[in-house]
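1. Fold the following.
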Amino acid sequence: MGLKLLQQIKEYNRSIPVVRITGQGTKERAVQALRAGAHDFVEKPFQIDELVKRIDKRAVPAEGRACARGERRTPPPTQDKFRFDS
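-> Coordinates of the predicted model:
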């Protein structure tokens, strides 16, 4: 069921990030899931904070994670890129 659902999700929209969780984890199943488009593969039992980190990593772009941590990335000054002569 899980692999079929993953395939259906990816047929609908390949850009949806999917983390597959399974209680029957083997290397073969992990490879199958990754080849089918899963972004990550987690075996049960798992630590909830680790799962949240993995989901966060896939769902939030790097810029958003930096912002959430309070880091500011200032863009280069516009004046250096364009000329504003009056």
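
2. now Gln40: how far from Asn13?
-> No Gln there; residue 40 is Asp. Distance, Asp40 to Asn13, by Cβ to Cβ, to the nearest Å: 17 Å. Bear in mind the C-beta positions are built from the backbone N, C-alpha and C, glycine included.

3. Ok, Glu50 next?
-> 26 Å.

4. Quick check on the two: which one has the bigger neighbour count.
-> Between Glu50 and Asn13, counted using other Cβ atoms under 10 Å, Glu50 has the larger neighbour count: 10 against 7.

5. That one: helix or strand, and which one exactly?
-> Remark: Glu50 resides in helix 48-59, with elements defined by DSSP states H and E.

6. now Glu11
-> Counting by DSSP H and E, the element that carries Glu11 is helix 2-12.

7. So for that helix, what gets flagged as buried?
-> When neighbours are counted by 16 or more other Cβ atoms under 10 Å, the buried residues of helix 2-12 are found to be 2, 6, 9.

8. Turn the residues you listed into a markdown table, including distance to Ala33 and pLDDT.
-> Shown next, in a markdown table, are the buried residues of helix 2-12 (distance: Cβ to Cβ, whole Å; pLDDT from 0 to 100):
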| residue | distance to Ala33 | pLDDT |
| --- | --- | --- |
| Gly2 | 8 | 81 |
| Leu6 | 6 | 89 |
| Ile9 | 12 | 91 |
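
9. Go through those residues and say which is closest to Leu34.
-> Proximity of these to Leu34 was ranked by Cβ to Cβ; the top entry is Leu6 with 10.0 Å.

10. With adjacent residues omitted, what lies nearest to the closest one?
-> Counting by Cβ to Cβ, 6 or more residues apart in numbering, Ala36 is the residue found nearest to Leu6 once chain neighbours are left out, at 5.1 Å.

11. And the pLDDT for that neighbour?
-> Per-residue confidence (pLDDT) for Ala36: 90.
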